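K.L.:
would you be able to build a 3D model of this:
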Amino acid sequence: MQHISLIVALHYAVKQGDRDSVKTLLDSLTAEQQLKLLSTMDKDGKTAVQRAPADQRKAIEKVLKHYKREADFEVNYGKLTIFSH
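P.N.:
The predicted model follows:
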């Protein structure tokens, strides 16, 4: 249930073009949670970036890509260090 409310919150903030709220929400999650949330589609089959208003889409997409890239690196780097020991 909590996962659904996070999806709704993220998609709502994106739809409003509220980059600060998007950042705050994503900052409160672990890298694994960020990756999962950023790739999850809503009930209409849309990802967060697809919910962004047309005039804000590039700015929102830049924020979301940044978080996804950082989270992906953290998750994958963490796995590599586990296997290297």
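
K.L.:
the chain: helices as residue ranges?
P.N.:
2-15, 19-27, 31-39, 57-84 (DSSP state H).

K.L.:
for this structure, what helix or strand is lowest in average pLDDT?
P.N.:
In the chain, no helix or strand scores lower on mean pLDDT, DSSP states H and E than helix 57-84, which sits at a mean of 83.

K.L.:
before we move on, the earlier item: in TSV, list the helices of the chain along with distance to residue 45 and mean neighbour count.
P.N.:
For every residue, glycine as well, the C-beta is placed using N, CA and C. Compiled in TSV, the helices of the chain are given as follows (distance: least, C-beta to C-beta, whole Å; neighbours: other C-beta atoms under 10 Å):
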stretch	distance to residue 45	mean neighbour count
helix 2-15	12	16
helix 19-27	20	16
helix 31-39	13	17
helix 57-84	17	13
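
K.L.:
what about stretch 32-41, distance to the chain center?
P.N.:
Between the mean C-alpha point of stretch 32-41 and the mean C-alpha point of its chain there is a distance of 6 Å (C-alpha atoms, centre = their mean, to the nearest Å).

K.L.:
cool, thanks, signing off.
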